[in-house]
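Participant: One predicted model, sequence on top.
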Amino acid sequence: MRVYYSAEKIAAAVERVASEINEFYRKAPNDKILVVGVLKGAAIFLADLVRKFDFSLEIDFVRVASYGDARVSSGTVALTKDVETPLDGRRVLIVEDLIDSGRSLKRLREHFLSRGAAEVCVVVLVDKKAKRAVDVPVEWSALEAEDLYLLGYGLDDGESGRNLPDLWVVD
């Protein structure tokens, strides 16, 4: 394994993207934004990110499954935990650890809009643009990566390594 992004580079990227998101939501200061973390991988990113937000927010979580124990997506996205917060008329910010094929985020965006969300935006820690199989908007990405298997800062390998402060390439 080798370090792909250090903890310091991740922190700087989180700071930058939080600033961009703060600027976006400043345009509607009376809205309470529903920040939805995608479990389990985005939990650490979400925790660091929301502490830098300066707007009113509420937090909820969703869980999708497409990988199982494999390192490659099955291509099928199952919603295994939905948000508990009513979505009618809400502005939603999805916080995801990474986007590769785009299938999971497309499914979540469509699901939240079908439940009445007024707006759905997405922020990802890592964007693997080369892996995109479906077109899905991503408003903010903290970092970009090649088609590599990454571990750490919430990303796992068979549920191990999420606690590592850096992002590592797994060979």
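Facilitator: That came in fine, so what should we check first?
Participant: For this protein, which residues score under the pLDDT cut-off?
Facilitator: 67-75 (pLDDT under 70).
Participant: quick check: longest helix of this protein.
Facilitator: Ranked by residue count and defined by DSSP state H, the top helix of the chain is helix 7-25.
Participant: Which SSE is immediately downstream of it?
Facilitator: strand 33-39 (DSSP states H and E).
Participant: about what we covered before: would you mark the buried spots in the longest helix of the chain?
Facilitator: By 16 or more other C-beta atoms under 10 Å, the buried positions in helix 7-25 come out as Ile10, Ala13, Val14, Val17, Ala18, Ile21, Tyr25. C-beta: built from backbone N, CA, C; applies to glycine.
Participant: number of nearby residues for the residue lying closest to the third one once chain neighbours are set aside?
Facilitator: Just to be clear, that refers to Val14. Nearest residue to Val14, sequence neighbours excluded (C-beta to C-beta, 6 or more residues apart in numbering): Asp48, at 5.1 Å. Asp48 is flanked by 18 other residues according to other C-beta atoms under 10 Å.
Participant: Can you tell me how far Asp48 is from Leu150?
Facilitator: Distance of Asp48 to Leu150, computed by C-beta to C-beta, to the nearest Å: 17 Å.
Participant: Please verify my assumption that Leu167 contacts Val3.
Facilitator: Yes: applying C-beta atoms under 8 Å as the test, Leu167 and Val3 come out as touching, 7.3 Å apart.
Participant: More neighbours: which of the two?
Facilitator: Using other C-beta under 10 Å as the criterion, Leu167 and Val3 rank with Leu167 on top: 25 against 13.
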